[in-house]
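Student: Quick one, fold the following:
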Amino acid sequence: MFIEHGTVSPDHLSISDTGDPCATRAAALGHAHFAVKQWAAARENYVEANRLCPGEAQYAWLIGLCDWALDHIDSAGVHFHDAVRINPAFAPAHAWLGEWHLHHRMTVDALRCTARAMELDANFPGNMQARAAVLCAAGEHDAAWQLFVRLLAAGHMTPALASLHAKLAPRRNLSATAIRIPRTSEAASGLGGGVEGGEAIAATS
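Tutor: So this is what the prediction gives:
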(Lines give C-alpha, C1' and ligand atoms only; values in the text may rest on other atoms or scores of the structure.)
Protein backbone atom coordinates (compact mmCIF):
# COMPACT_ATOMS: atom_id res chain seq x y z
CA MET A 1 0.00 0.00 0.00
CA PHE A 2 1.92 3.01 1.19
CA ILE A 3 4.13 2.65 4.23
CA GLU A 4 7.59 1.19 4.61
CA HIS A 5 6.49 -1.79 6.67
CA GLY A 6 2.79 -1.28 5.95
CA THR A 7 0.18 -3.74 7.04
CA VAL A 8 -3.13 -2.64 5.69
CA SER A 9 -5.29 -1.82 2.72
CA PRO A 10 -8.85 -0.52 2.84
CA ASP A 11 -9.75 -3.77 1.09
CA HIS A 12 -9.10 -5.48 4.43
CA LEU A 13 -11.33 -3.12 6.37
CA SER A 14 -14.99 -3.35 7.09
CA ILE A 15 -16.87 -0.20 7.97
CA SER A 16 -17.88 -0.87 11.56
CA ASP A 17 -21.57 -0.64 12.31
CA THR A 18 -21.42 1.59 15.35
CA GLY A 19 -25.07 2.51 15.23
CA ASP A 20 -24.15 6.03 14.18
CA PRO A 21 -24.79 6.51 10.47
CA CYS A 22 -22.83 9.77 10.45
CA ALA A 23 -19.73 8.01 11.79
CA THR A 24 -20.15 5.21 9.29
CA ARG A 25 -20.48 7.70 6.45
CA ALA A 26 -17.40 9.62 7.59
CA ALA A 27 -15.39 6.39 7.76
CA ALA A 28 -16.52 5.40 4.27
CA LEU A 29 -15.36 8.75 2.92
CA GLY A 30 -12.09 8.25 4.74
CA HIS A 31 -11.63 4.85 3.11
CA ALA A 32 -12.23 6.38 -0.31
CA HIS A 33 -9.51 8.98 0.24
CA PHE A 34 -7.22 6.41 1.85
CA ALA A 35 -7.49 4.14 -1.19
CA VAL A 36 -6.08 6.88 -3.45
CA LYS A 37 -3.42 7.97 -0.94
CA GLN A 38 -5.08 11.26 0.00
CA TRP A 39 -3.86 10.95 3.56
CA ALA A 40 -4.80 14.39 4.87
CA ALA A 41 -8.34 14.16 3.53
CA ALA A 42 -8.72 10.61 4.84
CA ARG A 43 -7.48 11.73 8.24
CA GLU A 44 -10.09 14.48 8.45
CA ASN A 45 -12.85 11.95 7.85
CA TYR A 46 -11.45 9.47 10.36
CA VAL A 47 -11.12 12.20 12.96
CA GLU A 48 -14.80 13.01 12.44
CA ALA A 49 -15.75 9.35 12.74
CA ASN A 50 -13.65 9.08 15.89
CA ARG A 51 -15.31 12.18 17.35
CA LEU A 52 -18.71 10.65 16.79
CA CYS A 53 -17.70 7.18 18.04
CA PRO A 54 -14.68 7.53 20.35
CA GLY A 55 -15.07 3.94 21.47
CA GLU A 56 -14.24 2.49 18.05
CA ALA A 57 -10.60 1.34 18.00
CA GLN A 58 -10.44 1.13 14.22
CA TYR A 59 -10.97 4.87 13.86
CA ALA A 60 -8.10 5.73 16.19
CA TRP A 61 -5.88 3.26 14.35
CA LEU A 62 -6.79 4.71 10.97
CA ILE A 63 -5.92 8.22 12.15
CA GLY A 64 -2.56 6.79 13.18
CA LEU A 65 -2.02 5.25 9.75
CA CYS A 66 -2.70 8.57 8.08
CA ASP A 67 -0.34 10.34 10.47
CA TRP A 68 2.37 7.79 9.67
CA ALA A 69 1.88 8.30 5.95
CA LEU A 70 2.12 12.06 6.51
CA ASP A 71 5.38 11.49 8.44
CA HIS A 72 3.79 12.58 11.73
CA ILE A 73 5.31 9.61 13.50
CA ASP A 74 4.86 10.74 17.11
CA SER A 75 1.20 11.54 16.54
CA ALA A 76 0.76 8.15 14.90
CA GLY A 77 2.09 6.47 18.02
CA VAL A 78 -0.43 8.30 20.18
CA HIS A 79 -3.30 6.98 18.07
CA PHE A 80 -1.94 3.43 17.89
CA HIS A 81 -1.72 3.44 21.69
CA ASP A 82 -5.27 4.78 21.86
CA ALA A 83 -6.54 2.00 19.59
CA VAL A 84 -4.93 -0.67 21.76
CA ARG A 85 -6.39 0.94 24.88
CA ILE A 86 -9.88 1.10 23.37
CA ASN A 87 -9.82 -2.49 22.15
CA PRO A 88 -6.94 -4.69 23.34
CA ALA A 89 -8.14 -7.43 20.98
CA PHE A 90 -7.69 -5.32 17.82
CA ALA A 91 -4.67 -7.02 16.25
CA PRO A 92 -3.70 -4.43 13.59
CA ALA A 93 -3.21 -1.78 16.25
CA HIS A 94 -0.73 -4.03 18.06
CA ALA A 95 1.11 -4.71 14.79
CA TRP A 96 1.41 -1.01 14.00
CA LEU A 97 2.40 -0.17 17.54
CA GLY A 98 5.17 -2.69 17.01
CA GLU A 99 6.17 -0.84 13.85
CA TRP A 100 6.19 2.41 15.81
CA HIS A 101 8.43 0.93 18.51
CA LEU A 102 10.75 -0.48 15.84
CA HIS A 103 11.00 2.95 14.23
CA HIS A 104 12.16 4.29 17.60
CA ARG A 105 14.60 1.38 18.04
CA MET A 106 12.65 -0.02 21.00
CA THR A 107 13.08 -3.59 19.87
CA VAL A 108 11.88 -5.30 23.05
CA ASP A 109 8.59 -3.41 22.94
CA ALA A 110 8.30 -4.04 19.21
CA LEU A 111 8.70 -7.77 19.80
CA ARG A 112 6.04 -7.70 22.51
CA CYS A 113 3.52 -5.82 20.39
CA THR A 114 3.97 -7.88 17.24
CA ALA A 115 3.85 -11.10 19.27
CA ARG A 116 0.48 -9.98 20.62
CA ALA A 117 -0.73 -9.18 17.10
CA MET A 118 0.20 -12.69 16.01
CA GLU A 119 -1.53 -14.22 19.03
CA LEU A 120 -4.71 -12.41 18.03
CA ASP A 121 -4.49 -13.19 14.29
CA ALA A 122 -1.57 -15.26 13.08
CA ASN A 123 -2.82 -15.46 9.50
CA PHE A 124 -3.30 -11.80 8.63
CA PRO A 125 -0.46 -10.92 6.21
CA GLY A 126 0.09 -7.51 7.80
CA ASN A 127 0.68 -9.03 11.21
CA MET A 128 3.13 -11.53 9.74
CA GLN A 129 5.00 -8.83 7.86
CA ALA A 130 5.28 -6.59 10.91
CA ARG A 131 6.46 -9.53 13.02
CA ALA A 132 9.02 -10.59 10.42
CA ALA A 133 10.48 -7.09 10.24
CA VAL A 134 10.83 -6.91 14.01
CA LEU A 135 12.31 -10.39 14.26
CA CYS A 136 14.88 -9.47 11.62
CA ALA A 137 15.81 -6.32 13.52
CA ALA A 138 16.15 -8.37 16.70
CA GLY A 139 18.55 -10.77 15.02
CA GLU A 140 16.07 -13.67 14.95
CA HIS A 141 16.69 -14.31 11.29
CA ASP A 142 15.44 -17.89 11.06
CA ALA A 143 12.07 -16.99 12.56
CA ALA A 144 11.83 -13.95 10.28
CA TRP A 145 12.64 -16.11 7.26
CA GLN A 146 9.91 -18.60 8.13
CA LEU A 147 7.33 -15.82 8.09
CA PHE A 148 8.74 -14.45 4.83
CA VAL A 149 8.37 -17.88 3.22
CA ARG A 150 4.77 -18.14 4.44
CA LEU A 151 3.94 -14.76 2.94
CA LEU A 152 5.62 -15.58 -0.36
CA ALA A 153 3.89 -18.97 -0.57
CA ALA A 154 0.55 -17.23 -0.05
CA GLY A 155 1.28 -14.89 -2.95
CA HIS A 156 2.09 -11.80 -0.93
CA MET A 157 5.03 -9.72 -2.11
CA THR A 158 5.69 -6.01 -1.71
CA PRO A 159 8.72 -3.76 -1.88
CA ALA A 160 8.94 -3.86 1.91
CA LEU A 161 9.11 -7.65 1.81
CA ALA A 162 11.69 -7.44 -0.97
CA SER A 163 13.77 -5.26 1.33
CA LEU A 164 13.37 -7.81 4.11
CA HIS A 165 14.45 -10.56 1.73
CA ALA A 166 17.56 -8.60 0.81
CA LYS A 167 18.55 -8.59 4.48
CA LEU A 168 17.80 -12.25 5.10
CA ALA A 169 18.84 -14.01 1.88
CA PRO A 170 22.63 -13.56 2.19
CA ARG A 171 22.51 -15.36 5.52
CA ARG A 172 21.01 -18.39 3.78
CA ASN A 173 23.41 -18.50 0.79
CA LEU A 174 20.50 -18.51 -1.62
CA SER A 175 20.76 -18.63 -5.36
CA ALA A 176 18.76 -15.66 -6.58
CA THR A 177 15.82 -15.72 -8.95
CA ALA A 178 14.37 -12.29 -9.58
CA ILE A 179 10.72 -11.63 -8.82
CA ARG A 180 9.21 -8.48 -10.23
CA ILE A 181 6.76 -6.63 -8.00
CA PRO A 182 4.44 -4.37 -10.00
CA ARG A 183 3.07 -1.22 -8.45
CA THR A 184 -0.41 -2.73 -8.28
CA SER A 185 0.77 -5.59 -6.07
CA GLU A 186 0.87 -3.30 -3.06
CA ALA A 187 -2.82 -2.46 -3.11
CA ALA A 188 -3.76 -5.99 -4.06
CA SER A 189 -1.90 -7.59 -1.17
CA GLY A 190 -2.82 -5.15 1.55
CA LEU A 191 0.80 -4.84 2.56
CA GLY A 192 3.05 -1.85 2.58
CA GLY A 193 5.48 -0.72 -0.01
CA GLY A 194 7.15 2.61 0.40
CA VAL A 195 7.89 2.75 -3.33
CA GLU A 196 6.08 5.06 -5.71
CA GLY A 197 6.19 3.97 -9.33
CA GLY A 198 8.37 1.41 -11.01
CA GLU A 199 8.99 -2.08 -9.70
CA ALA A 200 10.93 -3.70 -6.91
CA ILE A 201 12.93 -6.88 -7.17
CA ALA A 202 12.99 -9.75 -4.73
CA ALA A 203 14.74 -13.08 -4.90
CA THR A 204 14.07 -16.55 -3.62
CA SER A 205 15.80 -19.88 -3.86
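
Student: worst-scoring helix or strand of this protein, pLDDT-wise?
Tutor: Ranking every helix and strand in the chain by mean pLDDT, DSSP states H and E puts helix 184-189 at the bottom, with a mean of 38.

Student: Flag the shaky bits of this structure, pLDDT-wise.
Tutor: Where the chain drops to pLDDT under 70, the residues are 1-18, 174-205.

Student: at 50 instead, please
Tutor: In the predicted model of the chain, residues 1-7, 9-12, 175-205 satisfy pLDDT under 50.

Student: which residues in it form strands?
Tutor: For the chain, the strands defined by DSSP state E cover 177-181, 200-204.

Student: thought P125 was touching G155?
Tutor: No. Contact status for P125 versus G155: not in contact, 9.5 Å apart, counting by C-beta atoms under 8 Å. Where C-beta positions appear, they are placed from N, C-alpha and C, glycine not excepted.

Student: Neighbour count for the two, which is higher?
Tutor: Each of P125 and G155 has its neighbours counted (other C-beta atoms under 10 Å); P125 has more, 22 against 10.

Student: How much space separates the more buried one from L161?
Tutor: Distance of P125 to L161, computed by C-beta to C-beta, to the nearest Å: 9 Å.

Student: again, but for Y59
Tutor: 28 Å.

Student: can you check R131 too?
Tutor: Going from R131 to L161 by C-beta to C-beta gives 12 Å.

Student: neighbour count winner among the two?
Tutor: Between R131 and L161, counted using other C-beta under 10 Å, L161 has the larger neighbour count: 29 against 25.
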